[in-house]
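*Asks:* my questions concern the predicted model and sequence given below.
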Amino acid sequence: MITDTIKRFVSRLLRPAPSGPQRIGRERHGIDRRNVSRHAIKVCEVLRQHGYDAYIVGGAVRDLIVGLEPKDFDVATNATPEQTRPLFRRARIIGRRFQLVHVVFGQEIIETSTYRAPAEATQETDEHGRILRDNVFGTQEQDARRRDFTINALYYDPLSEEVIDYHDGVQDLKNRVVRMIGDPATRYREDPVRMLRAVRFAAKLNGTLHPDTRAPIRELAGLINNVPASRLFDEMLKLLTCGHAMDSLRQLRAEGLHQGLLPLLDVVLEQPGGERFVELALERTDARVRGGKNVSPSFLFAALLWQQVEHRWKQLCEQGEHSIPALMQAADSVLDEQTVKLAIQRRYASDMREIWFMQPRFERRQGKAAWRMLEQPRFRAACDFLQLRAAAGEFDSVLAQWWMDLADNDDASRAAMIEALAHEPRDPDAPARRRRRPRRRPAARPAAGE
Ligand code: ATP
Ligand code: MG
């Protein structure tokens, strides 16, 4: 405790004087204004016209400086939400604890928040130091200080094209160093999710954690357990879809952050046999993200948990359970186990189940079976999933491609493809059949549930 106080005192001494942010010009930060959302610029302009301060802030500035395409644009201002909302035609105040304004332009939402104080004096924390309330408005300098990393505390003025930098964030960004603002241990205690964020940004920037930012993580990793499961899920999803998922997971492991976080991570990273499938899933996810495509969370988590489901499925079958009920049971038990720590939302979990349950059905194509598959709402995702299994060598790749072609075709060509099967000898997928037949027959009456 005393050392914490001393550390905080020293870090306060070392902090740059509040009067002196750097104002960094375009030649140094390199942001091309054409890559900035015109809606975000508009929000800043309107606020300025009404006499307020307004800057683009946070992840967007960071990403623009390193040449990545920002996911979204946030604006920070000294106007309160009540002052901001009436200035825009479509704007609503959201949030209970800390209100902010969503300014809506068609598909794009510009999240506009009022400068917030770190609230060192007023904040309420739990017994581990985790912040429970921090809803006090503040100055820009205070707003910068309550942010997590120096690279996330940059304010871009789209009118003057200057970046306001209180914590040497531009330099850190050029060096690709993730450095906590203030005393790292204290800030991790305030919000343990910052440990995951540190790892994610380092992976995303292809950079490193500053030694001081890294040092306390191993000791404090256990605090992750105090974070609400739904918030952990959101953060894990961000980590898995940052475009550098495998690097992030490796780094999590290196920092001791993976244990118990997602039980599957232990399996994924530690079992040589299990790696291939998950690695493939993550590589494909990374490629999609980097290509600017959407990633479906249910698909991703279905892939991450598949190995475990399959393993349990096989065990149950060996114990004499019928194939379909065994798969259902395996899926339920894996989901139950995984969701203790990580609240996989119900709608994702039900999509994951559907993707899994359709897998054994890809073994049958004849007659109505293929048409029935095409009618399933999650057919496309299940078919993509099948491709992954084929790439990992656990499903016949010719057959997987047949399903993919079926998915991509129009109904006339589909009919022709299915019709053509009738003339084929009935065994391009013979091994599967031979295994399945004797088991299916007795099961078909009471339990197959087709
Ligand atoms: P991305 O959206 O690319 O994941 P981001 O930096 O925009 O990254 P957000 O979660 O959108 O991350 O948060 C926006 C900004 O809010 C951050 O850049 C940071 O300044 C601040 N912030 C977010 N989470 C925290 C936190 N846990 N502690 C302190 N500041 C935070
Ligand atoms: Mg963001």
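*Replies:* Cool, the structure landed. Ligands and ions are numbered 1, 2, ... in the order given.
*Asks:* dump the residue contacts of residue 216.
*Replies:* The neighbours of residue 216, taking Cβ atoms under 8 Å, 6 or more residues apart in numbering as the test, are 184, 185, 188. Quick note: C-beta positions are derived from backbone N, CA and C, even for glycine.
*Asks:* columns distance to ligand 1 and neighbour count on top of these, output as TSV?
*Replies:* Supplementary listing: the contacts of residue 216 in TSV, determined by distance: Cβ to the nearest ligand atom, whole Å; neighbours: other Cβ atoms under 10 Å:
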residue	distance to ligand 1	neighbour count
184	12	27
185	14	21
188	10	26
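*Asks:* check contacts around residue 229.
*Replies:* Contact analysis of residue 229 by Cβ under 8 Å, 6+ apart lists 339, 340, 341, 342, 343.
*Asks:* okay if I get those residues as CSV plus secondary structure, pLDDT and neighbour count?
*Replies:* Compiled in CSV, these are given as follows (DSSP: H, G, I helix; E, B strand; the rest coil; pLDDT from 0 to 100; neighbours: other Cβ atoms under 10 Å):
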residue, secondary structure, pLDDT, neighbour count
339, coil, 75, 15
340, coil, 73, 10
341, coil, 68, 17
342, coil, 74, 20
343, coil, 76, 17
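*Asks:* same list (those residues) but as JSON lines, adding distance to ligand 1.
*Replies:* As requested, the contacts of residue 229 are arranged in JSON lines below (distance: Cβ to the nearest ligand atom, whole Å):
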{"residue": "339", "distance to ligand 1": "23"}
{"residue": "340", "distance to ligand 1": "23"}
{"residue": "341", "distance to ligand 1": "19"}
{"residue": "342", "distance to ligand 1": "18"}
{"residue": "343", "distance to ligand 1": "18"}
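*Asks:* which one of those is nearest residue 231?
*Replies:* The closest of the contacts of residue 229 to residue 231 turns out to be residue 343 (Cβ to Cβ; 8.6 Å).
*Asks:* bridging residues for the nearest residue to residue 149 once chain neighbours are set aside?
*Replies:* Closest residue to residue 149 in three dimensions, ignoring its sequence neighbours and counting by Cβ to Cβ, 6 or more residues apart in numbering: residue 178, at 5.4 Å. Per DSSP bridges, residues listed as beta-bridge partners of residue 178: residue 209.
*Asks:* stretch 332-347: how far from the chain's middle?
*Replies:* Mean-position distance between stretch 332-347 and its chain equals 16 Å (Cα atoms, centre = their mean, to the nearest Å).
*Asks:* meant to ask about stretch 232-245
*Replies:* Mean-position distance between stretch 232-245 and its chain equals 3 Å (Cα atoms, centre = their mean).
*Asks:* grab the nearest non-local neighbour of residue 58.
*Replies:* Nearest-residue entry for residue 58: residue 74, 4.8 Å, with adjacent residues in sequence omitted and distances by Cβ to Cβ, 6+ apart.
*Asks:* isn't that neighbour right up against residue 111?
*Replies:* Yes: counting by Cβ atoms under 8 Å, residue 74 sits close enough to residue 111 to count as a contact (4.7 Å).
*Asks:* and the average pLDDT for the helix or strand harbouring residue 246 is what?
*Replies:* Under the assignment given by DSSP states H and E, the secondary-structure element containing residue 246 is helix 245-254. When pLDDT is averaged along helix 245-254, the result is 86.
*Asks:* quick one: contacts for the closest residue to residue 220 other than its chain neighbours?
*Replies:* The spatial neighbour of residue 220 that comes closest, neighbours along the chain excluded (Cβ to Cβ, 6+ apart), is residue 188 at 5.0 Å. Neighbour list for residue 188: 180, 194, 195, 216, 217, 220, 223 [criterion: Cβ under 8 Å, 6+ apart].
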